[in-house]
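Undergrad: Next input, structure requested:
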Amino acid sequence: MTKPWRLAILLLPLLAFIVLVGFLLRGLFSDPTELSSALVGKPVPQFSVPDLYDPEQRYTQQVLSGKPMLLNVWATWCPTCRAEHAYLNQLAADGVPIVGLNYKDDSREKAVRWLNTLGDPYQLNLFDAKGTVALEFGVYGAPETFLIDAQGRIRYRHVGDVNERVWQGELGQRYRALAAEGEN
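TA: Numbers count the residues shown, from 1 in each chain. This next block holds a predicted model:
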C-alpha cells in the first residue's frame with residue numbers, strides 16, 4: 001500500500017496541468033476589449049493637467065462634467081489611434097463631445113502637428129506627458145475611450161479603437177441613452 005503523501009506527489013502535476021489548462025481556456029475565449037474597470041460608476045479621478053495647445057492653461061476633472069461626453073486616450077506613437085481618428089472626426093462633426101487625453105507623447109509639438117494634419121475632433125486636449133492621469137483612469141494603453149455622464153461619473157470603458165461597429169454597438173447606444181437622460 002502506498003503512503004498518502006506519495007499519492008499526493010503523483011497527483012500534484014496532474015492538478016497543476018488542469019489548473020493551467022483552465023486558466024488558458026479562460027483567456028482564449030475572453031474579449032480583450034472587455035477589460036473591467038473599478039472606476040465604472042464612480043467619479044472621474046482628480047487631476048490637473050495642461051492644455052495640449054497652451055501649456056499655461058490647466059484643466060481639472062471639472063472639465064469632464066456638465067454633459068455626457070467621451071474621453072479618448074490617444075497618442076501619436078499609437079497606430080490604432082491613427083486608424084480610429086477619422087471616425088472620431090466624424091463623431092465630432094455629428095455633435096458628439098469628445099475630450100482628448102494625449103498620452104505619453106514625447107513632444108507636445110508632435111501631437112499638435114498630428115492633429116493639424118489629421119483634424120482635431122476634440123473639444124479640448126489634455127496633455128498627459130508622463131501618463132499619470134491615464135494611470136489614475138486605469139489605462140493599459142492607447143487607445144481607450146471612456147463614456148462620462150453629465151455628473152462626471154465614468155459610465156463605460158472601451159479598450160481599442162472606436163469605429164462604426166463599436167459606435168453602432170454598445171458605446172453609441174450608451175452615449176445616446178445618457179444624452180436622452182440629459183434632455184429630460
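Undergrad: For the helix or strand where residue 111 lies, name the packing helices and strands.
TA: Following DSSP states H and E, one finds residue 111 within helix 108-118. In this structure, helix 108-118 makes packing contacts with helix 79-93, strand 124-128, judged by 3 or more Cβ pairs under 8 Å, 6 or more residues apart in numbering; DSSP states H and E. Where C-beta positions appear, they are placed from N, C-alpha and C, glycine not excepted.
Undergrad: switch the cut-off to 10 Å
TA: strand 69-74, helix 79-93, strand 98-103, strand 124-128 (3 or more Cβ pairs under 10 Å, 6 or more residues apart in numbering; DSSP states H and E).
Undergrad: Which positions in the longest one come out as buried?
TA: Put plainly, it is helix 79-93. Residues of helix 79-93 classed as buried: 81, 82, 84, 85, 87, 88, 89, 91, 92 (neighbour count, 16 or more other Cβ atoms under 10 Å).
Undergrad: what do you get for stretch 62-72?
TA: Going by neighbour count (16+ other Cβ under 10 Å), the buried part of stretch 62-72 is 63, 64, 65, 68, 69, 70, 71, 72.
Undergrad: roughly how far out does the helix holding residue 111 sit from the chain middle?
TA: Offset of helix 108-118 from its chain centre (Cα atoms, centre = their mean, to the nearest Å): 21 Å.
Undergrad: Could you check the angle that helix makes with strand 69-74?
TA: Here the directions of helix 108-118 and strand 69-74 differ by 110 degrees (axes from the mean of the first three to the mean of the last three Cα atoms, to 10 degrees).
Undergrad: what's the nearest residue to residue 68 if we skip its chain neighbours?
TA: residue 178 (3.8 Å; Cβ to Cβ, 6 or more residues apart in numbering).
Undergrad: distance of that neighbour from residue 154?
TA: 12 Å (Cβ to Cβ, to the nearest Å).
Undergrad: Ok, residue 164 next?
TA: From residue 164 over to residue 154 (counting by Cβ to Cβ), the distance is 23 Å.
Undergrad: Would you mind telling me which of the two has the busier surroundings?
TA: Neighbours per residue (other Cβ atoms under 10 Å) separate residue 164 from residue 154, with residue 154 holding more: 22 against 11.
Undergrad: re the thing from before, name the residues that touch the helix holding residue 111?
TA: Residues from elsewhere that reach helix 108-118, judged by Cβ atoms under 10 Å, 6 or more residues apart in numbering: 50-55, 74-77, 81-82, 85-86, 88-89, 100, 102-103, 105, 107, 120-122, 125, 127, 129.
Undergrad: Please pick the buried ones from those residues.
TA: By 16+ other Cβ under 10 Å, the contacts of helix 108-118 give 50-52, 74-76, 81-82, 85, 88-89, 100, 102-103, 105, 120-122, 125, 127, 129 as buried.
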